[in-house]
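Undergrad: Here's my sequence, what's the structure:
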Amino acid sequence: MRSSILRCLVATKSSTIHPTPPQFHQLYSTHFPYDPNSKPKRHKYPPFYDPYGPRLPPSEKILQLADRISSLSPDELILLGPLLQHRLKHPKLQKISSEGLGVGVHPGSAPKEEEEKKVEKTAFDVKLEKFDAAAKIKVIKEVRAFTNLGLKEAKELVEKAPVLLKQGITKEEADGIIEKIKAAGGVAVME
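TA: Here you go, the predicted structure:
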């Protein structure tokens, strides 16, 4: 009796300590021994992959249409695309701008740069280039008139010549300021 109890204890301890997973027997079957000389199986693949599966061969009407389209001249082919798009009521494709994507220079981007250069400038800057020493006080008075600066600030500004006097003004205003400075004895330019 004592030996049967010991056998039961040993059996329960061994099964609780080292349980064998049920997957082991299914994955690693011992029924077929591994043959190291066996070669891997070769599967036959189709000559090309068709994700939609096998298709029926095209009908005679489709073959004739393909022959007629392939016999068209390049000029006629160019007209065929928009006509089919209109007849089939497909939406017109919109061009996507690559501006700001950092893609690089494209051959079609050169005309855009020329158009940008043709755009007329609307904001101008007036720069005091130089002035006569005898007319310094008159130039300071003119600078004070259109800059709303104090006497000290206007004097310091004029003495720093060449210096920007006013920025972002219209062409008419810039011309007026240049004429006034010229009359006072200074030389100003528009930028």
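Undergrad: tally of neighbours for residue 85?
TA: 13 (other Cβ atoms under 10 Å). Heads up, the C-betas are built off the backbone N, CA and C, glycines and all.
Undergrad: Quickly find the element holding it.
TA: helix 74-87 (DSSP states H and E).
Undergrad: name the helices or strands packed onto that helix?
TA: Packing contacts for helix 74-87, counted by 3 or more Cβ pairs under 8 Å, 6 or more residues apart in numbering; DSSP states H and E, involve no helix or strand.
Undergrad: confidence score at residue 50?
TA: pLDDT for residue 50: 72.
Undergrad: who's in contact with the helix holding residue 85?
TA: Helix 74-87 has contacts (Cβ atoms under 8 Å, 6 or more residues apart in numbering) with 69, 72, 90, 92.
Undergrad: shaky segments in the protein?
TA: 1-34, 45-46, 49, 100-119 (pLDDT under 70).
Undergrad: Please enumerate the helices of it.
TA: 2-17, 22-27, 60-70, 74-87, 110-118, 136-147, 151-159, 171-184 (DSSP state H).
Undergrad: Okay, angle between the third one and helix 74-87 too, please.
TA: Here the directions of helix 60-70 and helix 74-87 differ by 130 degrees (axes from the mean of the first three to the mean of the last three Cα atoms, to 10 degrees).
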